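Chemist: Sequence first, then the predicted structure, then my questions.
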Amino acid sequence: MKPMENVIELVNRIQRACTVLGDHGGDGAAASLPALWEALPSVAVVGGQSSGKSSVLESIVGRDFLPRGSGIVTRRPLVLQLHKTNEGQEDYAQFLHNPKRRFTDFALVRKEIEDETDRLTGRTKQISPVPIHLSIYSPKVVNLTLIDLPGLTKVAIDGQPESIAQDIENMVHLYVDKPNCIILAISPANQDIATSDAIKLARDVDPTGERTFGVLTKLDLMDKGTDALDVLEGRAYRLQHPWVGIVNRSQADINKNVDMILARRKEQEFFESSPEYAHLASRMGSEYLAKLLSQQLEAVIRARIPSITSLINKTIDDLESEMDHLGRPIGSDAGAQLYLILELCRAFDKIFKEHLDGGRSGGDRIYGVFNNQLPAALLKLPFDRYLSLQNVKRVVSQADGYQPHLIAPEQGYRRLIESGLNYFRGPAEASVDAVHNVLKELVRKSIGETEELRRFPTLQRELAAACYHSLERFREDGRKTTVRLVDMEATYLTVEFFRKLPQEVDRAGTENPPSPSSDRYTDTHFRRIASNVSSYIGMVSDTLKNTIPKAVVHCQVREAKRSLLNYFYTQLGVKDATQLSLLLDEDPTVMDRRQQCFKRLELYKSARDEIDAVSWSH
């Protein structure tokens, strides 16, 4: 194979790989093809219904394999890739949707095209823009990519929407509008070229005719006494490339399954023996058309080599980056696996700490617990009800028992304060739980954001479970510490606060001394007790508002930063090689992505090397 033929075959392989490996759009429609696909030239076959498109394609391939019939037969684009093989090798075909099956019977290829068309469109006359991809390998073909498109039509028939003509034209435009698309415009010779649907469409998208090849079919069916020389010699409609005449097989030949090689020979004999076309015989016929298209493809590829190479290099860089994200293959020995797990843990721990320290969002929610949730919970405590006149009287009376208090109801004070301070347990424990939930969410979020972990769902689950176990232990420490702070306040009351109270009473008494007969413990006195207790509880509340966050941070946040993974490391240390391997059981989708990525890399690196070799040889 010549160097440039190698590159044509290489372009075929890249186009096929773009499809197989998903480098084109997910729905397969031409509109979604990326820059690399669009940079690769191909040949789109366009023409009206019954213009002979199928016969031209079959003549180029040398095989009878396309569906036939009246009306719209081609209802989905057929991306046909021809691969030239060595002499003596058997012809065979492969479909992208069924890559494991080789078709050597081309009648079955026709049936598969029909079945695959019906799979999307049903047994109707509907059309679909999703292409069928077919590769044919034969020593009798030239390396080409041909796209057979539905025949242009003007009216809808039964079972078709009224918009069918516009729908087909829009679909054809998706392909022929591409600047690297060579247009093979098929027109029948027994119709006026001025009414040719293919030429009209080609003129719209390629007004200079630089990438249009005109093909005139059915020359043998013209009325006697007429010929197509005005078209073939470029007088009726001039293109920059010469027109090519084709003689299709007759229906009788098709019915008799006349061999394509024999049909090509008969076609050549027609031109050589025809008085009108003998002088053009050397550039007529399907065999010449295939070689002409291959030469044009060579010229387009040669002109596009720099941009194709640039796009391939960019694709390689993108794939290398994706491989870095997906991770490299895992070592088989326990040491390598343990090292990988520790590296993954370090990556996770780094992201978790970034959330806490403010490099990423989420850690600010802990501050929100202390700045908003805790103060709001303290304000909602029911001290108004607890220090109501009726409740104060009840608690003070119960504290004295059968003995009336002599000077001041100290036991009543203590019981009111101690019981009241128990209310602070709720907000203290709620703060611990709220921070615990934030830390759990940050663990979940950090695991999700650790790119390197995504390929190991089992490790993700084990790591999350170990982290949650550690956080539960930190929560228990936090709960014990914060509750202990509340208990400490209730266990030992601040003396200085109460020593001021008798002085305040005395001062009040000096200013307004009670009469000897008055009861010192009236409702006013109980209200004063309630007020004093409320003031003390308020002082404790201010203290706890500052000390509870410190305890929570010390027991939970600080420990999460310091030793979140210690429990996991302890578990890891007792695992054997088999258990380590189970931890690194990858998500099948990630494995598949890496495999596909690796295939792309191999393909594009090979493509770059081969294209570089060809460009240097020229």
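Modeler: Done, it's in. Numbers count the residues shown, from 1 in each chain.

Chemist: mind checking how far Phe424 is from Val533?
Modeler: When distance is defined by C-beta to C-beta, to the nearest Å, Phe424 is 14 Å away from Val533. Where C-beta positions appear, they are placed from N, C-alpha and C, glycine not excepted.

Chemist: Correction: the previous question concerned Leu463.
Modeler: Here the criterion is C-beta to C-beta. By it, Leu463 lies 50 Å from Val533.

Chemist: hmm, back to that, okay, Phe424 and Val533: which has more neighbours?
Modeler: Under the criterion of other C-beta atoms under 10 Å, the comparison of Phe424 against Val533 puts Phe424 first, with 26 against 23.

Chemist: I figured that one hits Asp487, correct?
Modeler: No - because the distance of 9.7 Å does not satisfy C-beta atoms under 8 Å, Phe424 is recorded as not touching Asp487.

Chemist: Which residue ranges of the stretch 51-200 of the chain form strands?
Modeler: Assignment of strands within the stretch 51-200 of the chain using DSSP state E, counting those that start in this stretch yields the ranges 78-84, 92-95, 98-103, 132-138, 144-148, 181-188.

Chemist: burial count for Ser54?
Modeler: Residue crowding around Ser54 was assessed by other C-beta under 10 Å; the count is 24.

Chemist: residues contacting it?
Modeler: Residues in contact with Ser54 (C-beta atoms under 8 Å, 6 or more residues apart in numbering) are Leu66, Pro67, Arg68, Val73, Thr74, Asp148.

Chemist: ok, for the fifth one, nearest residue in space, not its chain neighbours?
Modeler: Taking C-beta to C-beta, 6 or more residues apart in numbering, and ignoring the residues beside it in sequence, Thr74 has Pro150 as its nearest neighbour in space, at 4.8 Å.

Chemist: Equivalent analysis for the last one, please.
Modeler: When the adjacent residues along the chain are set aside, Asp148 lies closest to Leu78, with 4.1 Å between them (C-beta to C-beta, 6+ apart).

Chemist: Please report the distance of that neighbour from Gln296.
Modeler: Taking C-beta to C-beta as the criterion, Leu78 is separated from Gln296 by 20 Å.

Chemist: hang on, the earlier thing: most packed of the strands of the stretch 51-200 of the chain?
Modeler: Relative to the other members of the strands of the stretch 51-200 of the chain, strand 181-188 carries the highest mean neighbour count by mean count of other C-beta atoms under 10 Å, namely a mean of 26.

Chemist: Which strands and helices lie in contact with that strand?
Modeler: Applying 3 or more C-beta pairs under 8 Å, 6 or more residues apart in numbering; DSSP states H and E, one finds that strand 181-188 contacts strand 42-47, helix 53-61, helix 197-205, strand 212-217, helix 286-326.

Chemist: per-residue pLDDT, Ala464?
Modeler: At Ala464, the pLDDT value in this model is 95.

Chemist: returning to that earlier point: OK, contacts around the residue nearest to Asp148?
Modeler: Residues near Leu78 by C-beta under 8 Å, 6+ apart: Leu66, Ile113, Pro131, Ile132, Leu134, Ile147, Asp148.

Chemist: Also Leu108?
Modeler: Neighbouring residues of Leu108 by C-beta under 8 Å, 6+ apart: there are none.

Chemist: now do the one 5 residues further on
Modeler: With contacts defined as C-beta under 8 Å, 6+ apart, the neighbours of Ile113 are Phe65, Leu66, Pro67, Leu78, Ile132, Leu134.

Chemist: Likewise for Lys154?
Modeler: Lys154 is in contact with Ala165, counting by C-beta under 8 Å, 6+ apart.

Chemist: Could you measure from it over to Gln166?
Modeler: From Lys154 to Gln166 the distance is 10 Å (C-beta to C-beta).

Chemist: same check, this time on Tyr413
Modeler: Counting by C-beta to C-beta, the gap from Tyr413 to Gln166 is 92 Å.

Chemist: how about the strands in the stretch 251-400 of the chain?
Modeler: Counting by DSSP E, counting those that start in this stretch, the stretch 251-400 of the chain forms no strands at all.

Chemist: low-confidence ranges in it?
Modeler: Confidence mapping of the stretch 251-400 of the chain against pLDDT under 70 gives the ranges 328-329, 331-332, 400.

Chemist: pLDDT below threshold where in this protein?
Modeler: Low-confidence regions of the chain, defined here as pLDDT under 70, cover residues 1-39, 69-72, 124, 155-161, 328-329, 331-332, 400-408, 501-521, 613-618.

Chemist: Sort out which residues of stretch 266-275 are buried, please.
Modeler: Taking 16 or more other C-beta atoms under 10 Å as the basis for neighbour counts, the residues of stretch 266-275 that come out buried are Glu267, Gln268, Phe270, Phe271, Ser274.

Chemist: Can you add distance to Gly122 and give those residues back as CSV?
Modeler: Formatted as CSV, the buried residues of stretch 266-275 follow (distance: C-beta to C-beta, whole Å):
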residue, distance to Gly122
Glu267, 37
Gln268, 42
Phe270, 41
Phe271, 43
Ser274, 45
